[in-house]
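Undergrad: Here you go, sequence then predicted model.
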Amino acid sequence: MIVKTELKKLKRSGYFLTFLSGALLAAAFPVINMAARSESYTALPGDPFHILLDACWQIMAMLNILLIVCGACMMYHTEYAENGIRKMESLPVYQGSLFFGKFVIAAAASALALLPEFLSAALCALHWFPGYRIDFKELAGYYGFGVLTLLPTIMLMLAIASFCRNMWISLGIGVILVFSLSIFPQNRLFFMLCPFCTPYRLLGPVLEEGSLALFIGVCAAEAVAFGIIECIMIKVRRYFS
């Protein structure tokens, strides 16, 4: 019921069009890259799917993170417009359920956005690399890991947006986090596991490092921790409002 209500709020906000446009833009990047300089990649040894993702994923992941930032800001802009969130506080509805309803929608939208991106990389490998065959089991593994690594970023960005009445403030904070965390050394485990950094990681290198269980555990723990912090802050905000 909460998710259905949240979907109705977003119907005319441009939220879903934004995610669709961003997903198509990210999915187009491997195609454009291969069309422009396919010789640079077809000559490389190794699995074609891995070669393409290694070449394109940093830009694709940044687009995904920026989509999450913009989406969270749009979600709470509709809440704060004309004091909508104050009106919701007067109803017998737990505010935390509204937050988690938004999280479910944002996670689902991000998961759907990843589908054409990984499929695009696989289809490019199929087209430009003779003899390549799509391994759907591997593709599903990369996709599932990609969704998991987005969850802490989604939860944290929604929490930031929920406490900023002005959408431009939350958008600015999100953009600063995107670019400031991306300049830190990504070969350090601490930075790899930070929200806004985990989406840059791919399943293949994580498996080679033997840190898959660590990534799964930390991403899940971060998402839960940010959710708990949000629930606490909702009570604090309501007490002081």
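TA: Done, it's in.
Undergrad: Next, count neighbours for residue 216.
TA: Burial measure for residue 216: 15 neighbouring residues, criterion other CB atoms under 10 Å. C-betas here are computed from N, CA, C, even on glycine.
Undergrad: ok, it - contacts?
TA: In this structure, residue 216 makes contact with residue 148, judged by CB atoms under 8 Å, 6 or more residues apart in numbering.
Undergrad: Next, the buried residues of the one helix or strand it maps to.
TA: Assigning secondary structure by DSSP states H and E places residue 216 in helix 212-240. Along helix 212-240, the positions that meet the burial threshold by neighbour count (16 or more other CB atoms under 10 Å) are 215, 218, 219, 222, 223, 226, 227, 230, 234.
Undergrad: Surely the last one and residue 100 touch.
TA: No. Contact status for residue 234 versus residue 100: not in contact, 10.9 Å apart, counting by CB atoms under 8 Å.
Undergrad: what bits of this protein have low per-residue confidence?
TA: Within the chain, the ranges that satisfy pLDDT under 70 run 1, 82-95, 186, 238-241.
Undergrad: ok, 90 please
TA: In the predicted model of the chain, residues 1-20, 35-47, 74-101, 127, 129-132, 134-135, 162-167, 178-194, 208-211, 230-241 satisfy pLDDT under 90.
Undergrad: List the contacts of the most centrally placed residue in it.
TA: The centroid of the chain falls nearest to residue 150 when counting by CA atoms, centre = their mean (4.0 Å). If a contact means CB under 8 Å, 6+ apart, then residue 150 has 64, 68, 107, 110, 111, 114, 198, 199 as its contacts.
Undergrad: now the residues you listed in TSV, with neighbour count?
TA: Listed next are the contacts of residue 150 as TSV, based on neighbours: other CB atoms under 10 Å:
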residue	neighbour count
64	25
68	29
107	18
110	24
111	16
114	22
198	24
199	27
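Undergrad: Return the closest of these with respect to residue 205.
TA: Distances from residue 205 to these, taken as CB to CB, are shortest for residue 198 (12.6 Å).
Undergrad: do you know how far the closest residue to that closest one other than its chain neighbours is from residue 138?
TA: Leaving aside its sequence neighbours, residue 198 sits nearest to residue 149 (CB to CB, 6 or more residues apart in numbering; 4.1 Å). When distance is defined by CB to CB, to the nearest Å, residue 149 is 17 Å away from residue 138.
Undergrad: Settle it for me: which of these two has more neighbours?
TA: In terms of neighbours (other CB under 10 Å), residue 149 is the more surrounded of residue 149 and residue 138; the figures are 26 against 15.
Undergrad: For residue 113, see how far away residue 22 is.
TA: Taking CB to CB as the measure, residue 22 and residue 113 are separated by 6 Å.
Undergrad: again with residue 140
TA: Here the distance between residue 140 and residue 113 works out to 16 Å (CB to CB).
Undergrad: neighbour-wise, which of the two wins?
TA: With other CB under 10 Å as the criterion, residue 140 and residue 113 differ in neighbour count, and residue 113 comes out ahead with 26 against 11.
Undergrad: Can you name the residues that contact the more buried one?
TA: With contact set as CB under 8 Å, 6+ apart, residue 113 has these partners: 19, 20, 22, 23, 26, 64, 67.
Undergrad: and of the residues you listed, the nearest to residue 81?
TA: Checking those against residue 81 by CB to CB gives residue 19 as the nearest, at 20.1 Å.
Undergrad: and residue 113, how far is that from residue 200?
TA: Looking at residue 113 against residue 200, where the rule is CB to CB, the gap reads 16 Å.
Undergrad: May I ask you to confirm that residue 229 is in contact with residue 160?
TA: No. At 11.0 Å, residue 229 and residue 160 do not qualify as touching, with contact defined as CB under 8 Å.
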